[in-house]
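Asker: generate a structure from the sequence data that follows.
(2 chains)
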Amino acid sequence: MPETSADATGLLVDETPDRTFRQSLVYVGRLFWRDKTGLVGLIMFLMVVFSAIFAPWIAPYDPLQQDLRAAKTPPAWTEKGSFDHPLGTDNLGRDILSRIIYGSRVSLTVGFFGVLIACSLGLTIGLISGYVGGRTDNIIMGGVNLILSLPYLVFVVFIAAILGRSLLIVILIFAFTDIPIFVRITRGEVLRIRESGFVEAALSIGAKRRRIIFRHILPNLIGPLITIATFEMSAMIFYEAGLGFLGLSVPPSVPSWGNMLAVGRKYLTIYPWIATIPGLAIVFTGLAMNLLGDWLRDVIDPRLRRVKK
Amino acid sequence: MQRYILSRLIQSLLILLGVLLIVFFMLQLTGDPVSLMVSRNASPEQVQRVREEMGFNRPMMVQFADFMTGAVVGDFGMSLRHRQPAMKLILERLPATVELATVALLMAMVIGIPLGLLGGSNPGGFWDTLCRLAGLIGQTIPNFWLALILIVFFSVGLGWFPTFGRETCTVFGIHLPTRSVILPAFALCLFTTGQLVRFTRAAVLEIKNEDYVRTAYSKGIGDRQIYTRHILRNAAIPLISIIGVQFGYLLSGSIYIETIFSWPGIGNLLAEAIGNRDFALVQAIAFFASLTVVILNLLTDIAYGLADPRIRYGD
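Answerer: Numbers count the residues shown, from 1 in each chain, chains lettered A, B, ... in the order given. The predicted structure is shown next:
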């Protein structure tokens, strides 16, 4: 693919932006088609995104609407179930399907903004650490290693318990505790790219530091960072659900997958579907993001692309 | 080797110092730690009494110095709820957590390493597919959800295991785990198993192409000897570090599993302490969990250095 390899050096992009963009889209499409698991992951993920965006239109009920007469209705495929509530209702008669659809909003918001903040801050700090080096690098990496050697869950639970339950706080907790991961990846890549032939070539024709960072290092960072971001987003969705399960995430009135698990757990032995079905939504999303992430990892690194048959 | 151990030791101590700083100042995040600990409708007098009792009315630096000197000798103050030293409560719960984590680690090793070995020795085959599946399952199924499913199927449905609690049987004065540990340990080992499968498989794939393996083959050595003598032995080096890190994670990360199964361990104590807003106990648990992880990382690094001379001389 000569067009895309030209992208990487940043030489041909300016001349024919339209063509390269369309061609790269076709190229990405072809890569998806070649490895079907990536395609499956993408479709699954888009389904979750779709349900989060269009929740009010596709959810059959108001997720907060209680109907005590229909409480604890089992899912439609069991004997006592009915198609009024395809996935059954919870202890207060709220429709589980509608709550799962609305719950995807919380999970995706936390995952998306958490990763966005963590990634942008981590990228900045990692660039500084890798490019400046010396004492700055030592101090930053000391902090990163300190945070990475803490038992993550214990501290997240600790902070969440102190700061209280709100969506913003949950996002910020995950965003800030996840920065070190992105710092470490960025720094490692910067150190590797800085030693590469094309940076040396650019330096030798007199490129300035700014040009090197923005033209040569940043474009090469996008691939690995997107891959890590996918995995981290799936991890954040897990941890958010886990916090909700312990009663430390968004307020109990908000329909979220973690909160649904927390409610369902109390009825586990008698009405198991209240807890188990929302869990399936988490597994579905996690599977989608991991398939997508695995695919990205293989596709973005051309060396792996060739090895993988 | 001594220099290597010494430098790792100093690093660990620095990390522990950082942990103490974080644990101490975390409580100050909201400005007034006392308001976190008392109930919402406590009278101002009650608040004041707690503040004096806990020593929060002193200057912050004095509090910090006090906290540090206490921490060095393992004293994290009194649990507000239990009226007992926080460390004593933790040590009481320690055996249950160690039992759960050890069984989970053993399960992960027994399932994960052979599977990774089989998959790596024959990429693209049946076992390899199973490997990929195990790696994927480990990352996509949350252990708290798996725990609920296991209870529904095996405890409620089939009645094979108790739904919650820890039972031990005593043989010659030693408490041995019974079947009550199986479900929680299995739920807990899921992620670790996935990691072990992935890393064993990757290590085998890489080592298989090494020159010394080819040399061994050309000498006419059989598959079995090559796997045990050359591949497994070299794959063991990176596995040591994975196992060490994972054991730390298992020892500290069982808050969900312990809560779900009412397992009387440290994770359960943490959940209780948070429910009771007993933050002295939370601080102590956070420090204790970090200490466990740091010590395990240190031991792992040392084992790594012993196993691979390149690491101890490279530094």
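Asker: pick out the residue nearest the middle of chain A.
Answerer: By C-alpha atoms, centre = their mean, chain A has its centre lying nearest to residue A:233, at 1.9 Å.
Asker: that one is in contact with residue A:290, isn't it?
Answerer: No. At 10.4 Å, residue A:233 does not count as touching residue A:290 under the criterion of C-beta atoms under 8 Å. In this view, the C-beta of every residue, glycine as well, is placed from N, C-alpha and C.
Asker: quick check, pLDDT for residue 206.
Answerer: In the absence of a named chain, chain A is used. For residue A:206, the model assigns a pLDDT of 81.
Asker: meant chain B, my bad for not saying
Answerer: For residue B:206, pLDDT reads 80.
Asker: repeat that for the one 10 residues further on.
Answerer: The predicted local distance difference test score for residue B:216 is 80.
Asker: give me the spatial nearest neighbour of it, chain neighbours excluded.
Answerer: residue B:226 (5.2 Å; C-beta to C-beta, 6 or more residues apart in numbering or on different chains).
Asker: quick one: the strands in chain B?
Answerer: In chain B, the strands defined using DSSP state E lie at B:168-171, B:174-177.
Asker: give the buried residues for stretch A:260-274.
Answerer: A:260-265, A:268, A:271-274 (16 or more other C-beta atoms under 10 Å in any protein chain shown).
Asker: now render those as CSV, adding pLDDT, distance to residue B:295 and secondary structure.
Answerer: Shown next, in CSV, are the buried residues of stretch A:260-274 (pLDDT from 0 to 100; distance: C-beta to C-beta, whole Å; DSSP: H, G, I helix; E, B strand; the rest coil):
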residue, pLDDT, distance to residue B:295, secondary structure
A:260, 87, 38, helix
A:261, 85, 33, helix
A:262, 85, 33, helix
A:263, 84, 38, helix
A:264, 80, 37, helix
A:265, 81, 33, helix
A:268, 76, 36, coil
A:271, 80, 44, coil
A:272, 79, 40, coil
A:273, 80, 43, helix
A:274, 80, 41, helix
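Asker: how close does the closest residue to residue B:300 other than its chain neighbours sit to residue B:250?
Answerer: Nearest residue to residue B:300 in three dimensions, chain neighbours excluded: residue B:244, at 2.9 Å (C-beta to C-beta, 6+ apart). Separation of residue B:244 from residue B:250 (C-beta to C-beta, to the nearest Å): 11 Å.
Asker: who has more neighbours, the two?
Answerer: For residue B:244 versus residue B:250, the count of surrounding residues by other C-beta atoms under 10 Å in any protein chain shown is larger for residue B:250: 25 against 20.
Asker: remind me what the helix or strand that residue A:235 is a member of packs against, helices and strands.
Answerer: Here residue A:235, judged by DSSP states H and E, is contained in helix A:218-245. Here helix A:218-245 touches helix A:2-9, helix A:96-132, helix A:152-163, helix A:167-194, helix A:257-266, helix A:273-300, helix B:126-140, helix B:143-150, going by 3 or more C-beta pairs under 8 Å, 6 or more residues apart in numbering or on different chains; DSSP states H and E.
Asker: residue B:260: how many residues sit nearby?
Answerer: 27.
Asker: for it, which non-adjacent residue is closest in space?
Answerer: residue B:147 (4.6 Å).
Asker: one more: residue A:268?
Answerer: residue A:275 (5.5 Å).
Asker: can you pull the residues of the stretch 151-300 of chain B lying near chain A?
Answerer: B:151-152, B:156, B:163, B:248-249, B:252-253, B:255-256, B:259-260, B:270-271, B:274, B:277, B:279, B:282, B:285-286, B:289-290, B:292-294, B:297 (C-beta under 8 Å from any C-beta of the partner chain).
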